[in-house]
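> using only what follows, build the 3D model:
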Amino acid sequence: MNEFVSWGLIGTFAGLVAVTGILTEFAKNVAVINKIPTQIVSFVVSLVLVLLYKVSNGTFVLLDLALDIVNAIIASFAANGGYDLIARIFGTKIQDEQ
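The predicted model follows:
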């Protein structure tokens, strides 16, 4: 394995959800982003990933932007739900250190 993340991985639903969740958790510790609700950060991360994937593949079409937004919302919800599930499994909500 030469790389952990590839555009091919991000092009799958599971890959998009995983990378969205990881990048959202990473971004939440940035002071400016920390003031924005996590769900919005997650959506923006997911949308940027979807658009970057399509541009890198040469499949970006402006008319598909509405579908890209819907796909980003679905992936964002899945990433947020995955975080909540992990927090429930370990018995406590994971707290941000501030």
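> in the chain, which spans are strands?
Under the criterion DSSP state E, the chain carries no strands.
> all helices of it, in order?
Counting by DSSP state H, the chain has helices at residues 7-10, 13-27, 38-57, 65-89.
> which strands or helices does the last one pack on?
I take that to be helix 65-89. Packed against helix 65-89 by the contact rule (3 or more C-beta pairs under 8 Å, 6 or more residues apart in numbering; DSSP states H and E) you find helix 13-27, helix 38-57. No exception for glycine: its C-beta is placed from N, CA and C like everyone else's.
> show me what contacts the residue most central in space within the chain?
Taking C-alpha atoms, centre = their mean as the criterion, residue 20 is the residue nearest the geometric centre of the chain, at 1.9 Å. For residue 20, the contact set (C-beta atoms under 8 Å, 6 or more residues apart in numbering) comprises 42, 45, 46, 49, 75, 76, 79.
> need the contact partners of the helix or strand bottoming out on mean pLDDT in the chain.
Ranked by mean pLDDT, DSSP states H and E, the helix or strand of the chain with the weakest confidence is helix 65-89, at a mean of 87. Contacts with helix 65-89, where a contact means C-beta under 8 Å, 6+ apart, come from 13, 16-18, 20-21, 24-25, 38-39, 42-43, 45-47, 49-51, 54, 93-94.
> just the buried residues of those residues.
The neighbour-count test (16 or more other C-beta atoms under 10 Å) marks 16-18, 20-21, 24-25, 38, 42-43, 45-47, 49-50, 54 as buried among these.
> where does the prediction get shaky in this protein?
The model of the chain has pLDDT under 70 over residues 1-2, 91-98.
> switch to 80 and redo it
Along the chain, segments meeting pLDDT under 80 span 1-3, 31-32, 82-98.
> now do the least confident helix or strand of the chain and helix 13-27, the angle between them.
70 degrees (axes from the mean of the first three to the mean of the last three C-alpha atoms, to 10 degrees).
> now the angle from helix 65-89 to helix 38-57?
130 degrees.
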